[in-house]
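In: sequence and predicted structure are below.
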Amino acid sequence: MRVTVPDHPLIAHKLTYLRKKDTDSPTFRRLAEELVTLLAYEATREVRCEPFDITTPVGPTTGLKLSTPKPLVVPILRAGLGMLEGMVRLLPTAEVGFLGMLRNEETLEAVTYANRLPDDLSGRQCYVIDPMLATGGTLAMSIRYLVERGADDITAVTLIAAPEGIDALERDLGGLDVPIRLVTGAIDEKLDANGYIVPGLGDAGDRLYGIV
Ligand SMILES: O=P(O)(O)OC[C@H]1O[C@H](OP(=O)(O)OP(=O)(O)O)[C@H](O)[C@@H]1O
Ligand SMILES: O=c1cc[nH]c(=O)[nH]1
Ligand SMILES: [Mg+2]
């Protein structure tokens, strides 16, 4: 797995305000959307394109356009929904599949409660979006679903990742014959005893949408 942490002062500034505990939900939602746009610029660096003949007011030329099959963006509900708008704005031809996953707060194991993905993902580039990569259980399971359906190129985009989660993904997904990339706004220090990222930002889903 290739891991990229884009080094940009705007990412650092927006992440700092996102982490701050008194940042309210409307501001948190706006920052999450802005951050994903900045991260998506890096995450889509290898998006597939094909030549496209056009005519400008001055004459003919050949440019590029996003290829088919269309890229698939997969937000992991709930918190991943907070990154969806920013991602599809940058990737206009993308289709969207949904995975609902909830981490059991005692065992820290992910449980899937919704799965609305195309059956056949052969030849498709997929972008999985979820703000937090903690133990890595959620992301590992979602990447496996995509590979089982034929996805041949996967990029995960997170706002914050824990070193333990990155190690777990390397271990769990190392045997897959599909290129996997991770683009994250930051790699934090560690996980605490409850599986929360330190310093992190708390529970991303709750901060976006309230406590359920
Ligand atoms: O790497 P892991 O240890 O698996 O944890 C990360 C997951 O935990 C959070 O979701 P949560 O389960 O809180 O669901 P929510 O989005 O509905 O709040 C987060 O958005 C990830 O999906
Ligand atoms: O720190 C964490 C860990 C898992 N899920 C979150 O929302 N935050
Ligand atoms: Mg949550």
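Out: Arrived safely, thanks for sending. Ligands and ions are numbered 1, 2, ... in the order given.

In: now the top helix by length along the chain: how far from the chain's centre is it?
Out: For the chain, the helix with the greatest residue count under DSSP state H is helix 25-43. Centre-to-centre, helix 25-43 and its host chain are 11 Å apart (C-alpha atoms, centre = their mean, to the nearest Å).

In: pLDDT value on the one residue in the chain that gets nearest to ligand 3, please?
Out: Nearest residue of the chain to ligand 3 (C-beta to the ion) works out as Gly205 at 3.2 Å. For glycine as for every other residue, the C-beta is placed from the backbone atoms N, C-alpha and C. Note on Gly205: pLDDT of 97.

In: now name the helix or strand holding it.
Out: helix 204-209 (DSSP states H and E).

In: which residue, other than its chain neighbours, is closest to Pro92?
Out: Leu66 (7.5 Å; C-beta to C-beta, 6 or more residues apart in numbering).

In: so how many other residues sit close to that neighbour?
Out: 17 (other C-beta atoms under 10 Å).

In: now swap in the one 5 residues further on and tell me
Out: When neighbours are defined as other C-beta under 10 Å, Pro71 has 22 of them.

In: next, it: phi, psi?
Out: phi -60, psi 150 (degrees, to the nearest 10).

In: what's the nearest residue in this structure when you look at ligand 1?
Out: Gly205 (2.2 Å; C-beta to the nearest ligand atom).

In: that residue and Ala79 touch, don't they?
Out: Yes: shown here, Gly205 and Ala79 form a contact pair, counting by C-beta atoms under 8 Å, at 4.2 Å.

In: quick check: residues of this protein near ligand 1?
Out: Contacts of the chain with ligand 1, taken as C-beta under 6 Å from any ligand atom, map to 76, 78-79, 101-103, 108, 110, 130-139, 165, 195, 203-205.

In: among those residues, which lie within strands?
Out: 76, 101-103, 110, 132-133 (DSSP state E).

In: okay, those residues in JSON lines with distance to ligand 2 and pLDDT next?
Out: Output for those, formatted as JSON lines (distance: C-beta to the nearest ligand atom, whole Å; pLDDT from 0 to 100):
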{"residue": "Ile76", "distance to ligand 2": "11", "pLDDT": "98"}
{"residue": "Met101", "distance to ligand 2": "11", "pLDDT": "97"}
{"residue": "Leu102", "distance to ligand 2": "10", "pLDDT": "96"}
{"residue": "Arg103", "distance to ligand 2": "6", "pLDDT": "95"}
{"residue": "Ala110", "distance to ligand 2": "10", "pLDDT": "96"}
{"residue": "Met132", "distance to ligand 2": "4", "pLDDT": "98"}
{"residue": "Leu133", "distance to ligand 2": "8", "pLDDT": "98"}
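
In: can you name the two of those residues that sit furthest apart?
Out: Leu102 and Leu133 (15.5 Å; C-beta to C-beta).

In: who's more crowded, these two?
Out: Neighbours per residue, other C-beta under 10 Å: of Leu102 and Leu133, the larger number sits with Leu133, 28 against 17.

In: no further questions, thank you.
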